[in-house]
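Asker: one predicted model, sequence on top.
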Amino acid sequence: MTHQPSYIPMQAKVAAPPAPGPGLYPSGPYQHIPPVSSHQSGPPPPSSYPAPPNQPHLPRPPPGGPASRTPPQSAGPSPGPRPPPARATPPPPPPAASLSGYYPNAQRQQQVPGWQYNSAPPPAGPPAAMNAPPRGSATNHVSPHAPYSSAPSPSMPQNAVQPPASLQGYGQPGKNIKMASHHQNRKLSKWEKQLSGRYHRGIFVSLSPPPGPGPAQLSPSLAAMSLQSSTPESLRVVNLLQERNLLPPGPVPAPTPCLPQDLQKMNCSPEVFRCTLTSIPQTQSLLNKAKMPLGLLLHPFKDLSHLPVVTSSAIVRCRSCRTYINPFVSFLDQRRWKCNLCYRVNDVPEEFMYNPVSRSYGEPHKRPEVQNATIEFIAPSEYMLRPPQPAVYLFVLDVSHNAVETGYLKVFCQSVLDNINALPGDARTKVGFITFDSTIHFYNLQEGLSQPQMLIVSDIEDIFLPTPDSLLVNLNESKELVQDLLKSLPTLFENTMETQSALGSALQAAFKLLSPTGGRLSIFQTQLPNLGVGALQSREDPNQRASAKDIQHLSPATDFYKKLALDCSGQQVAVDLFLLSSQYCDLASLGCISRYSAGSVYYFPSYHHQHNPAQVERFQKDLKRYLTRKIGFEAVMRIRCTKGLSIHTFHGNFFVRSTDLLSLPNVNPDAGYAVQMSIEENLDDMQVVSFQAALLYTSSKGERRIRVHTLCLPVVHSLSDIFAGADVQAMAGLLACMAVDRSVTASLSDARDAMTNAAIDSLSSYRQSSRSAAIATHASTRGTKTLSQKAFRTGTSTRLDDRVASMCQLKYQPLAYAMLTIHPALYRVDDLTDEGALNVNERTVPQPRVLQLSVEKLSREGAFLMDAGTIMYLWIGRNCNPNFLTQVLGVPSYAYFLPELDTAESQRTRAFVGWLREQRPFFPSLHIIRWASQLKVALMQNMIEDRTESALSYYEFLLHLQQQISK
């Protein structure tokens, strides 16, 4: 067959909407809309965009739960949403009525029954051909009466159905962008349950109508009918250009694939393994028509509360493709199973016939490996190229004058002292320390010494190890010496006047020290390296920040750090970088040492022990997590997929050893990865496809282990099913990774254009496939939110290192954590109550409603908490309730932290903030902002529904999308 070229979702064809300024749409039907001023006075804003004269607003109940609380308005932060000026095309009026219909049932091939043991004996002759896809069952756990189908079964639960998103009114400029809202209280009929839609970030997606007259062709009498009496509440149409309060009351779950219920309950958790499309197109041409990215997002080493661990002398794998046996293979009989990736028929080993859980024999399909999509094996000796390495930790510390001034050294030493007994490892664990300024300082910690010995090497051009055997020592044997060194280090360099930094030479020395064993190398740096190999020069010019096209230096200035990282990877050494500085450090260059060695980057801008206590607290918490969390050494990860699919691009921190094998010298539970995929061969005869990620690693206890995750998804042949199964959050995460690469290899403006085009392409494709339908423009919301993210923001306010650090986060963080940086959460916290609160570990945690990210939602009389992932802002209004200031903040000592006061209000606020922090492995710092604080600018930049210097408002972005799609 002829291979179908892949659609490239990040290909920039149409320029993104211009940055806000005069002449936003100079040649189009839309005119410039004045931006909102944070200090503009005026009357209280309306609750939604104004409708044209003589057109009533749509009365719409909130999407589930009680009505949204709008804080009291004032003349303070904002006058509210902007009505378009008289010259602009007015927002289209909401229809008096809209009778949304449904798709007719698509014709699908009759499917065969699910797995069952064959009653006849195995056929004689050669085994089944390896290349033949299964015509029958795809799993051993499907009821014979539940045939496979991409369509939802009437017996399936309501939340397992994903109807297609739809688009209405994009035919000509000025027509309405519409979508359906959700009302949870209405009881749906059985037929409606089968066809009902699914939430996408609080926006309910409806189905397209059957052939026949649409709302525009209805008679006036029908058009005058009320929505409540004519249309199911779940399918009621809302005008996006007029209605804004569409956030869901709680977190949005990942879409559920349309699989049989017994299959779905065994599928891999979306927190671990997630696909951008939960319905896989049959062909690449169909995927190209949908114009949506196909990819996987993984969190393979995530901390799990339930993880089955299997100890077996023989791990059952496919003899052809080496896939691990999993819940989605097919058992032809008790002695043979068919691989769900390459379809080879394999024999069941004799010992696999015994089930260690039930202690029964003859039921291989009930073993843990075939009942759990996520499982861990303790690997036998054939999975080891060498004896498992010990846990080895080497710390390399900047002790220049600038480093001593920040005060980080004292915090570091105290944190290591507090957690030294909690370092992951066993009796073989080793540690070592190197410090550097213009020279390199080694520390002899050999057992038997009365105190640590400092050994100084001043020849940084030809670095060597003075005593190789005593610099990395057994922690248990030399613990007292290690503790003595940590107690003395902060005072050892307190009077230094050395300002130079020979980071490159220190890294070379550390590499030589760790090469024989492998391990983890932790770098703490506070300034730009300026001496010896790897020296860098400042490349940041604040005057060049203004234009996206002029943003330079996102790529490294030298390949020294990349080459050294690859050398480290080859010797099973991962490098983690802690950057603590208020100065430019060229993170674009330094970050390569972590990116290519499977390490991590920790960025603490403006760190100072006195001037920035919020960063000090964050450093303490993050360092404790870093020192004590689970770790895997000398790891590799391979991703396999069903025949016909292929992987072509990886995102994350690693080195690609082969087409599907990632080298991970260290793996940690806070690291995420993403891959892009394409369809090389048609999947016409397949009902489902599978993906499997296998992570082989050495635990800190010296065990060789294999963690396996398997994901199963249905194959569909219609565009409507593809759109229905789109995972918007996963697509946003994958597109953000692709945009980061585009920013570095091309330019930031190209990346911004490409993200906008990704939204335009997918919406245009849906418009062509569904001529009359309503669509939740979820892609557009993700587009404008990602454009406002610090990594892609334009303007003069974003420093180069801040931008690069944000890009590193998007590439490295698991999706659940990255989404908060793309779309922060805003809450009002000055009136917290116990109504609807959660009970977590005998604590009462209030649950305030999430608010729209607009200045319109702020009021001078309130206090508002913004959770932006790695940072939190508590904004205090100018006229905030004095009771809140007294009972929660303890006036006047509320500059940086929440005091622990013995009041109900303080306990509620601290419980809510603490609960938010517990949802992620890192510690977000909390900045308390008074109404006129300079930090207010950072808060306002996250108000992504408003116009900023770097992005259009949500309303303007919708207009831009409408204009482009209607061309």
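Answerer: Received it, and whenever you're ready, just let me know what you need. Numbers count the residues shown, from 1 in each chain.

Asker: now do stretch 370-384, average pLDDT.
Answerer: Summarised as a single mean, pLDDT over stretch 370-384 is 91.

Asker: would you mark the buried spots in that stretch?
Answerer: 370-377, 379 (16 or more other CB atoms under 10 Å). In this view, the C-beta of every residue, glycine as well, is placed from N, C-alpha and C.

Asker: of those, which belong to strands?
Answerer: With strands defined by DSSP state E, the entries of those inside them are 374-377.

Asker: out of those residues, who's nearest Arg657?
Answerer: Phe377 (21.2 Å; CB to CB).

Asker: residues contacting the closest one?
Answerer: Taking CB atoms under 8 Å, 6 or more residues apart in numbering, we find Phe377 in contact with 309-312, 315, 324, 705-708.

Asker: switch to 6 Å and redo it
Answerer: Under the criterion of CB atoms under 6 Å, 6 or more residues apart in numbering, the contact list for Phe377 reads 310, 315, 706.

Asker: turn these into a markdown table, columns for pLDDT, distance to Asn444 and secondary structure.
Answerer: As requested, these are arranged in a markdown table below (pLDDT from 0 to 100; distance: CB to CB, whole Å; DSSP: H, G, I helix; E, B strand; the rest coil):
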| residue | pLDDT | distance to Asn444 | secondary structure |
| --- | --- | --- | --- |
| Val310 | 92 | 44 | strand |
| Ile315 | 92 | 44 | coil |
| Ile706 | 96 | 39 | strand |
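
Asker: what would these look like in TSV with neighbour count?
Answerer: Listed next are the contacts of Phe377 as TSV, based on neighbours: other CB atoms under 10 Å:
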residue	neighbour count
Val310	17
Ile315	19
Ile706	17
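
Asker: quick one: which of these is nearest to Arg799?
Answerer: Ile706 (42.6 Å).

Asker: where does Thr659 land on pLDDT?
Answerer: Per-residue pLDDT puts Thr659 at 81.

Asker: how close does the residue lying closest to it once chain neighbours are set aside get to Ala674?
Answerer: Beyond its immediate neighbours in the sequence, the residue positioned closest to Thr659 (CB to CB, 6 or more residues apart in numbering) is Ile647, lying 7.2 Å away. Distance of Ile647 to Ala674, given as CB to CB, to the nearest Å: 11 Å.

Asker: more neighbours: the two, which one.
Answerer: In terms of neighbours (other CB atoms under 10 Å), Ala674 is the more surrounded of Ile647 and Ala674; the figures are 25 against 17.

Asker: who does the more buried one form a beta bridge with?
Answerer: With DSSP bridges as the criterion, the beta-bridge partners of Ala674 are Leu297, His651.

Asker: that one against His651, yeah?
Answerer: Yes: with contacts defined as CB atoms under 6 Å, Ala674 counts as touching His651 at a distance of 4.0 Å.

Asker: this structure - how does it break down into domains?
Answerer: Annotated domains of the chain cover 263-384+633-726, 392-535+547-630, 824-941 [the TED database].

Asker: and these as JSON lines, adding distance to Phe957?
Answerer: Written out in JSON lines, the entries for the domains of the chain read as follows (distance: least, CB to CB, whole Å):
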{"stretch": "domain 263-384+633-726", "distance to Phe957": "18"}
{"stretch": "domain 392-535+547-630", "distance to Phe957": "16"}
{"stretch": "domain 824-941", "distance to Phe957": "13"}
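
Asker: go through those domains and name the closest to Thr256.
Answerer: That would be domain 263-384+633-726 among the domains of the chain, by CB to CB, at 6.6 Å.

Asker: re earlier: any common contacting residues for Ala674 and His651?
Answerer: When contacts are counted by CB under 6 Å, 6+ apart, the set common to Ala674 and His651 consists of Cys737.

Asker: would you map the helices across the stretch 851-967 of the chain?
Answerer: Taking DSSP state H, counting those that start in this stretch as the test, the helices found in the stretch 851-967 of the chain are 882-884, 904-918, 936-941, 954-965.

Asker: now for the ones you listed, which one comes closest to Glu480?
Answerer: Across the helices of the stretch 851-967 of the chain, the minimum distance to Glu480, taken as CB to CB, is reached by helix 904-918, at 35.1 Å.
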